[in-house]
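**Student:** structure of the sequence below:
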Amino acid sequence: MEDKKLCHGCQNYGDCTKADRGRNIIRLPNEEVREKLEAQYLETASQEIYARRKAKVEHPFGHIKRNLKTDAFLLRGRDGVQAETSLLETCFNIARMITIFGVKVLIDKLSGLSPISVAY
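**Tutor:** Residues are numbered from 1 along each chain as shown. Prediction:
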């Protein structure tokens, strides 16, 4: 604030500060952008999107973390983490299919598939 005596004329003087020099308020350079994003988040449309995302996307991560007891990667490096993630996702998908179809129906459906040939 350029003129520190400006505080004395404010209706909130005494509540905000009692200093004779007034109060120095510092704002970040992108404060307006931050306020705009916060206001945008408070809209009901964005809250509905978040609630939908939370219902659909958070379930697999919660299952992997709690039911499969995985809270950290055992392997290091991009390839190792990618391989471990693929295994965890496959475990989640199989568990989900068992829940939806049942074990016997799932085995019947999978037994009808032809094996994949892989060339080494």
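**Student:** just checking, what packs against the host helix or strand of residue 107?
**Tutor:** Taking DSSP states H and E as the criterion, residue 107 maps to helix 103-111. Helices and strands touching helix 103-111, by 3 or more CB pairs under 8 Å, 6 or more residues apart in numbering; DSSP states H and E, are helix 78-101. Every C-beta, even on glycine, is put in place using the N, C-alpha and C of the backbone.
**Student:** state the mean pLDDT of the helix it packs on.
**Tutor:** Computed over helix 78-101, the mean pLDDT rounds to 91.
**Student:** what separates the helix or strand harbouring residue 51 from the chain centre, distance-wise?
**Tutor:** Using DSSP H and E, residue 51 sits within helix 44-62. Offset of helix 44-62 from its chain centre (CA atoms, centre = their mean, to the nearest Å): 9 Å.
**Student:** show me the contact partners of it.
**Tutor:** If you take CB atoms under 8 Å, 6 or more residues apart in numbering as the criterion, helix 44-62 is touched by 40, 41, 89, 92.
**Student:** filter these down to the buried ones, PyMOL style.
**Tutor:** What follows is the PyMOL syntax for the buried subset of these, where burial is set by 16 or more other CB atoms under 10 Å:
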select buried, resi 92
